[in-house]
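> Next comes the sequence, and after it the predicted model I'd like to discuss.
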Amino acid sequence: VLVKRPHGIPQPGDFEVRNASIERPFTAPLVVRNKFLSVDPAQRGYVNDENSYLPPVPLGGVMRAMAIGEVIHSVDPRYAEGDHLFGWFGWQDYCVTDSASVLRKLNPAHGPLTLNLGVLGINGMTAYLALYGIGAPRAGETIVISAAAGALGSVVGQLARQAGCHVVGIAGDDDKCRVATTRYGYHAAVNYKSAVPLPEQLKAACPRGIDMYFDNTGGWILDEVLLLMNRHGRVIGCGTVAIPSWLPQPQGPRQEREILMRRLRMQGFVIFDHQHLFDETAARLAGLIEQGVLLYDEDIEDGLESAPAALAGLYQGNNRGKKIIRLAPGISTS
Ligand SMILES: NC(=O)c1ccc[n+]([C@@H]2O[C@H](COP(=O)([O-])OP(=O)(O)OC[C@H]3O[C@@H](n4cnc5c(N)ncnc54)[C@H](OP(=O)(O)O)[C@@H]3O)[C@@H](O)[C@H]2O)c1
């Protein structure tokens, strides 16, 4: 439950665990027993009173989160007891809800349940739909991807490599850079925290300039990348983790002249505009996993209590792959 309105990155003290019981017989149209909870950078925007695509979680409200749960009661003929669903089920053990909170019914043939929170979930689907839908990568182009070794960036890197691009990642430590190049198909990866300035590293890694930037961070990293973009380059605005707080409005260099002179196109993307494509996109990504050409990593912690710190940890780069909370230790992923 959110008990304090954070300024900037939410911290464990902003949340409390509370107990409540559900009355039987169930009167709600849908009751789900959560198994796995998602931890997403976007949750910062759900608790701060800032411009977001959803209204802020009220104080005293259950933390908004995507989760995977098993149906234990449903009046909707599409969802039967025992089905697994992906939806807006919150950071809680059980969700008493209705069908409007369901994002997808899961296909057991697609492998372990947890995949549907990461590589087959919002992260993988955003990578796929934003890269092809906005970026339209062409063989021989140079693409730069920030948060390169994360749940989303790792998928973009592999897809861009398959499209024939020269793929360069930006990540926050040397180990993540190594994983990006040895596991996720990046041709090169640069550490934005190293002593060597980021522009210098990017110039060396992108000798033909940058045609496309898949921006997962915004902030100063975006400012630097814009100065290296080729004419008619494309920028996909996907995430803003590098901005510590939106209140007050952050100040920075004004880059509109760079956008104009370089004839750049910059477009934002929000995955929830594309829900009609979720089943089809997850199936395509599952196919790539089955063929062995799409790798993923998961970073799973146990227990509801660990969720708030896991969210703060995303903003310190602590995660190695998709951050997931497992609600009962030993619970099977299948
Ligand atoms: N637009 C959409 O519809 C949509 C959907 C899903 C996700 N996203 C966005 O995609 C991005 C990646 O999300 P994800 O869920 O896959 O998380 P993730 O990449 O697995 O984890 C977040 C990563 O962000 C990096 N980071 C944290 N603070 C940073 C800072 N101050 N400066 C630069 N990098 C920082 C860290 O990696 P390093 O250690 O490499 O810094 C961290 O591991 C996020 O911006 C998220 O909001 C957007």
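Yep, it's here.
> Return the residues of the protein in contact with the ligand.
Neighbours of the ligand within the chain, by CB under 6 Å from any ligand atom: 40-42, 122-123, 126, 147, 149-153, 171-173, 176, 216-217, 238-239, 241-242, 269-271, 314-315, 317, 319. All C-beta atoms are positioned from the backbone trio N, CA, C, and that covers glycine.
> which of those count as buried?
Among the residues of the chain next to the ligand, those classed as buried by neighbour count (16 or more other CB atoms under 10 Å) are 40-42, 122-123, 126, 147, 149-153, 171-172, 176, 216-217, 238-239, 241-242, 269, 271, 314-315, 317, 319.
> In strands only, show me these.
The strands, defined by DSSP state E, take in residue 171 from these.
> can you give me the strands for the chain?
Under DSSP E, the chain gives strands at 30-38, 67-74, 84-87, 94-97, 102-105, 142-146, 166-171, 188-191, 210-215, 229-237, 265-268, 298-302, 322-326.
> Adding distance to residue 51, write these out as TSV.
Output for these, formatted as TSV (distance: least, CB to CB, whole Å):
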stretch	distance to residue 51
strand 30-38	22
strand 67-74	25
strand 84-87	24
strand 94-97	26
strand 102-105	23
strand 142-146	21
strand 166-171	25
strand 188-191	30
strand 210-215	17
strand 229-237	13
strand 265-268	12
strand 298-302	29
strand 322-326	24
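> Residue 204 is nearest to which of the ones you listed?
With CB to CB as the measure, strand 188-191 is the member of these nearest residue 204 (8.2 Å).
> What strands line up against the closest one, and which way round?
Strand 188-191 pairs in its sheet with strand 166-171 (parallel), by DSSP bridges.
> For the partner strand, report the contacting residues that lie outside it.
140-149, 153, 157, 160-161, 177, 180-181, 184-192, 198, 202, 205-206, 208, 210, 217, 221 (CB atoms under 8 Å, 6 or more residues apart in numbering).
> Pull out the buried members of the residues you listed.
141-149, 153, 157, 160-161, 177, 180-181, 184-192, 198, 202, 205-206, 210, 217, 221.
> Contacts only, for residue 118.
Contacts of residue 118 (CB under 8 Å, 6+ apart): 124, 151, 296, 298, 321-322, 324.
> quick revisit: mind checking which of the contacts of strand 166-171 are in helices?
153, 157, 160-161, 177, 180-181, 198, 202, 205, 221 (DSSP state H).
> Am I right that residue 274 is in contact with residue 130?
No: using CB atoms under 8 Å, residue 274 is not in contact with residue 130, being 9.1 Å away.
> the more surrounded of the two?
Legend: neighbour count by other CB atoms under 10 Å for residue 274 and residue 130, higher for residue 130 (22 against 16).
> OK, contacts around the nearest residue to that one once chain neighbours are set aside?
Nearest residue to residue 130, sequence neighbours excluded (CB to CB, 6 or more residues apart in numbering): residue 269, at 4.2 Å. The contact partners of residue 269, by CB under 8 Å, 6+ apart, come to 126, 129-130, 133-134, 236-238.
> what does residue 208 give?
Residue 208 makes contacts with 142, 166, 230, as judged by CB under 8 Å, 6+ apart.
> possible to save the residues you listed as a markdown table with distance to residue 56 and pLDDT?
Converted to a markdown table, the contacts of residue 208 look like this (distance: CB to CB, whole Å; pLDDT from 0 to 100):
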| residue | distance to residue 56 | pLDDT |
| --- | --- | --- |
| 142 | 39 | 98 |
| 166 | 41 | 98 |
| 230 | 39 | 98 |
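> Now render those residues as JSON lines, adding distance to residue 60.
Output for the contacts of residue 208, formatted as JSON lines (distance: CB to CB, whole Å):
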{"residue": "142", "distance to residue 60": "49"}
{"residue": "166", "distance to residue 60": "50"}
{"residue": "230", "distance to residue 60": "50"}
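> Who are the contact partners of the residue nearest the centre of the chain?
Residue closest to the average C-alpha location in the chain (CA atoms, centre = their mean): residue 123, at 4.3 Å. Neighbouring residues of residue 123 by CB under 8 Å, 6+ apart: 150-152, 155, 322.
> ditto for residue 5
Under the criterion of CB under 8 Å, 6+ apart, the neighbours of residue 5 are 14, 47-49, 56, 59.
> Roughly how far does it sit from residue 315?
Separation of residue 5 from residue 315 (CB to CB, to the nearest Å): 17 Å.
> re earlier: from the contacts of residue 123, which is closest to residue 260?
In terms of CB to CB, no member of the contacts of residue 123 lies closer to residue 260 than residue 152, at 29.0 Å.
> Starting from residue 18, give me the distance back to the residue nearest to the closest one when sequence neighbours are not counted.
Leaving aside its chain neighbours, residue 152 sits nearest to residue 123 (4.2 Å; criterion: CB to CB, 6+ apart). Distance, residue 123 to residue 18, by CB to CB: 29 Å.
> do residue 82 as well
To residue 18, residue 82 is 28 Å away according to CB to CB.
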